[in-house]
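Asker: for reference, the sequence and a predicted model appear below.
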Amino acid sequence: MTDPRVPARVDRAALERILQRAAELQAAEHDIGDGLMPDDVLALGKEVGIPAQYLRQAMLEDQSRSGLQEPSGLADETVGPTEVTAVRVVRGGQEGAERALLDWMQKNELLVVQRHQPGRITWERMAGMQAAMRRGLSTLDARRAKFVLDRADLVRATVTPLEDGYAHVSLTASLRRARGGFIGGSATLGGAGVVGSGVLVALNAVWFVALAPVATGVLLGWVVTRRFRPIVDRTLLGLERALDYVEGAAVKPAHDLPPRGAGLLELVTGELRKALSPGRPR
């Protein structure tokens, strides 16, 4: 007989809470002490029906995340970091992960390969006619994913083989130029406020009137710097989006992945074909 206190349907959020609590109850029955060995974790997962491959992947991801650096410095805390990093442990080999990254960046971001070595790829921002052409053609197709790494100066990828069948993929985007622009704009507004207050002081203005330009400049400068944080969040979304693609494509053999693109002519014809064929599946 069904327990009336148990709901008939369980949504995703409730499912995550239930599974987490069930895992805590299961782990409480074992003497963990200072920690568990990987084999103990696999054995514990086997008791609750979690496949070993998922546990290994989760352990590798947890180890990789523990090495992320926290923001440091006043500028990082008040404005935002100059670099954004996302990591993922994917099933598959190094070659498949690299080809998937190259394919994604070429098709979905305004980036071009700057340097490619085994295990390391660097992209730089696309410029000139090719970038303008792709921006214009992307507006013709509302269903197509938009470019979200367009504010990054450089994007670096590191693909490291782990144990058999897994690879660690790290993506880092540099936002140094974008942050410098926001800090420069904020400093300009603050400096203008100081100059304005100096002029008013020279004219023997009342003190609260003389301080008004400084206060206004500081306030406007703060507003300008706060606009950088959404760029950081959007860049992180772009990195995670690329890793989502790699996670699904890295398990494919190399001959199943799309070939690398060619030059500007092929780019223009390909974009026009996609934009003018709305019924064509993506």
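Answerer: Cool, got the structure.
Asker: next structured bit after the top helix by length along the chain?
Answerer: Selection of the longest helix in the chain by residue count, based on DSSP state H, yields helix 176-202. Past helix 176-202, further along toward the C-terminus, the next helix or strand under DSSP states H and E is helix 207-226.
Asker: helices or strands up against the helix or strand following that next one?
Answerer: Of the helices and strands lying after helix 207-226 in sequence (DSSP H and E), the nearest is helix 229-249. With contacts taken as 3 or more C-beta pairs under 8 Å, 6 or more residues apart in numbering; DSSP states H and E, helix 229-249 sits against strand 83-91, helix 94-108, strand 166-174. Any C-beta I mention is one placed from the backbone N, CA and C, and that applies to glycine too.
Asker: those: which one's closest to His116?
Answerer: helix 94-108 (7.8 Å; C-beta to C-beta).
Asker: buried sites along the closest one?
Answerer: 94-106, 108 (16 or more other C-beta atoms under 10 Å).
Asker: can you redo those as TSV with distance to Pro51 and pLDDT?
Answerer: Formatted as TSV, these follow (distance: C-beta to C-beta, whole Å; pLDDT from 0 to 100):
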residue	distance to Pro51	pLDDT
Gln94	23	85
Glu95	25	88
Gly96	21	88
Ala97	21	90
Glu98	27	92
Arg99	27	92
Ala100	23	92
Leu101	27	93
Leu102	30	93
Asp103	28	92
Trp104	27	92
Met105	31	92
Gln106	34	89
Asn108	31	89
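Asker: so can I have CSV of those residues showing distance to Val159?
Answerer: As requested, the buried residues of helix 94-108 are exported to CSV (distance: C-beta to C-beta, whole Å):
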residue, distance to Val159
Gln94, 5
Glu95, 9
Gly96, 9
Ala97, 5
Glu98, 5
Arg99, 10
Ala100, 10
Leu101, 8
Leu102, 11
Asp103, 14
Trp104, 13
Met105, 13
Gln106, 16
Asn108, 18
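Asker: nearest to Gly238 among those residues?
Answerer: Lowest distance from Gly238 to these (C-beta to C-beta) belongs to Asn108, with 8.8 Å.
Asker: point out where the stretch 1-150 of the chain drops to low pLDDT.
Answerer: 1-10, 15, 19, 23-42, 44-49, 52-57, 59-72, 138-145 (pLDDT under 70).
Asker: who's in contact with stretch 110-130?
Answerer: Contacting residues not belonging to stretch 110-130 are listed as 94, 98, 101-102, 105, 109, 131, 134-135, 147, 149-150, 152-160, 264, 267 [C-beta atoms under 8 Å, 6 or more residues apart in numbering].
Asker: show me which of those are buried.
Answerer: By neighbour count, with 16+ other C-beta under 10 Å, the contacts of stretch 110-130 hold 94, 98, 101-102, 105, 109, 131, 134, 147, 149-150, 152-157, 159, 267 as buried.
Asker: domains of this structure?
Answerer: 80-175+237-275, 179-226 (automatic domain parsing).
Asker: looking at the ones you listed, which is buried most?
Answerer: Most buried of the domains of the chain, by mean neighbour count (mean count of other C-beta atoms under 10 Å): domain 80-175+237-275, with a mean of 17.
Asker: element containing the closest residue to Glu109 other than its chain neighbours?
Answerer: Once flanking residues are discounted, Glu109 sits nearest to Leu149: 4.7 Å by C-beta to C-beta, 6 or more residues apart in numbering. Assigned by DSSP H and E, Leu149 falls within no helix or strand.
Asker: as a markdown table, the helices and strands packed on helix 229-249 with distance to Arg115 would be great.
Answerer: Shown next, in a markdown table, are the helices and strands packed on helix 229-249 (distance: least, C-beta to C-beta, whole Å):
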| stretch | distance to Arg115 |
| --- | --- |
| strand 83-91 | 18 |
| helix 94-108 | 12 |
| strand 166-174 | 14 |
